[in-house]
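Asks: Next come a sequence and a model predicted from it.
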Amino acid sequence: MKIAQEEIFGPVMSILKFKTVEEVIERGNKTIYGLSAGIVTKNINIANRISRSLRAGVVWINCYMVFSPDCPFGGYKMSGIGREYGSYGLENYLQVKCVITPLQESPWL
């Protein structure tokens, strides 16, 4: 289905029939995008299994579009590079540096 394969922006919810949880995971990962996913279920064990298996940057369980400044936001695959928000969002503005200085009376010299 086209709606399950494209990155659609807007108030859209696609509801698709499935027979097994494995089919849901396969269908969710069989796309070139991975910005976010939403799971609606009464079974939290199934929700946790699916959320850990999906290659998506954000997975909402029984809610949608809930954000926190502490949670990193960004997609997998063709849905973006990097993360916004949280400590991961700061990495774009930082550079790592290694400084090595020999000490005069170092036991290693």
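Replies: That came through fine. Numbers count the residues shown, from 1 in each chain.
Asks: Give me the buried positions along the one helix or strand in the chain whose mean pLDDT sits lowest.
Replies: Taking mean pLDDT, DSSP states H and E as the measure, the chain has helix 86-90 as its least confident helix or strand, at a mean of 80. By 16 or more other Cβ atoms under 10 Å, the buried positions in helix 86-90 come out as Gly89. Yep, even glycine has a C-beta here, placed from its N, CA and C like the rest.
Asks: Same question for stretch 87-105.
Replies: Under the neighbour-count rule (16+ other Cβ under 10 Å), stretch 87-105 has Gly89 buried.
Asks: swap in stretch 43-52?
Replies: For stretch 43-52, burial by neighbour count (16+ other Cβ under 10 Å) applies to Ala47, Arg49, Ile50, Ser51.
Asks: doesn't Ala37 fall inside a strand?
Replies: Yes: membership of Ala37 in a strand is supported by DSSP: H, G, I helix; E, B strand; the rest coil.
Asks: what's the closest non-adjacent residue to it?
Replies: Counting by Cβ to Cβ, 6 or more residues apart in numbering, the nearest residue to Ala37 once its immediate chain neighbours are dropped is Ala56, at 4.2 Å.
Asks: Using CSV, write out every CA atom in stretch 55-62.
Replies: Only the C-alpha atoms of stretch 55-62 are listed here, as CSV (Å, rounded to 0.1, in the frame of the first residue of the first chain):
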residue,chain,number,x,y,z
ARG,A,55,13.7,1.2,12.6
ALA,A,56,12.2,4.6,13.4
GLY,A,57,13.6,7.5,15.2
VAL,A,58,10.5,8.0,17.4
VAL,A,59,7.9,5.4,18.4
TRP,A,60,4.7,6.5,20.2
ILE,A,61,2.6,4.0,22.1
ASN,A,62,-1.0,4.8,22.6
